[in-house]
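Visitor: 3D, please:
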Amino acid sequence: MTDVKTQSMIQAVKDAIMTEIKGQQLYSHAAATTDDPSAKAMFTALAKDEDEHVALLHAQYESLLDNGKIDLSKVNPAEVDHGAGHVIDDQFRKSIKRGTFEMAVIGIGCDLENKAITYYQTEAGKTDDADLKQLFTWLAEWEVGHLEQLVELEKLLQDEYWADQGFSPM
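Guide: Here you go, the predicted structure:
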């Protein structure tokens, strides 16, 4: 039988897993659906990141069940390359199409990333467990990186969409 603190931590990690699965499913579906090779590369990279987050969180869930604590001994955030920043380069910007599907996915992705950031920051602030706080702080930082990339791409696509429609930026 687990104590109330451990049960609360387990629930926080389970909720975090569901948050990551939503992003993973969105980006995987977008990668499978888009015809644009550059968008496919970015969505695939984001889906891979979310897969890594799910695996990390699942390991922590198992640790909580087995040992009653978070185990960050195998986590080295400095070695984790989260984010598809390397995908959004000059070649990417030149090749991406201006499809409304991609714009919609990016908009939804921004919403999901914002919700994830808020969740992780809130949970990190609520917990008195140093390891859970660290885990959620890392996840919030990684999601901020995703959000920054999506916002950059969203602006690029919107500007190009309006240019295609005959509107000039003001």
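Visitor: Quick check, central residue of the protein?
Guide: Glu143 (4.6 Å; CA atoms, centre = their mean).
Visitor: Neighbours of Tyr161, how many?
Guide: Look at Tyr161: counted by other CB atoms under 10 Å, it has 14 neighbours. Placement of C-beta: from N, CA and C, glycine included.
Visitor: returning to that earlier point: isn't the residue nearest to the centre of the chain up against Lys115?
Guide: No. Counting by CB atoms under 8 Å, Glu143 sits too far from Lys115 to count as a contact (9.2 Å).
Visitor: Can you tell me which helix or strand of this protein has the lowest average pLDDT?
Guide: Evaluated with mean pLDDT, DSSP states H and E, the helix-and-strand set of the chain has its lowest mean pLDDT in helix 90-95, which scores a mean of 63.
Visitor: Determine how far the helix or strand following it lies from the middle of the whole chain.
Guide: Downstream of helix 90-95, the next assigned helix or strand under DSSP states H and E is helix 100-126. In terms of CA atoms, centre = their mean, to the nearest Å, the centre of helix 100-126 is found 7 Å from the chain centre.
Visitor: packing partners for helix 100-126?
Guide: helix 4-33, helix 37-67, helix 130-164 (3 or more CB pairs under 8 Å, 6 or more residues apart in numbering; DSSP states H and E).
Visitor: low pLDDT regions in the chain?
Guide: Applying pLDDT under 70 to the chain flags residues 1, 77-99, 168-170.
Visitor: For Lys74, grab phi and psi.
Guide: Dihedral angles of Lys74 (phi, psi; degrees, to the nearest 10) stand at phi -100, psi 10.
Visitor: burial measure for it, as a count.
Guide: 8.
Visitor: check contacts around it.
Guide: Contact analysis of Lys74 by CB atoms under 8 Å, 6 or more residues apart in numbering lists Ala59.
Visitor: That one and Gly166, how far apart?
Guide: Per CB to CB, to the nearest Å, Lys74 is found 54 Å from Gly166.
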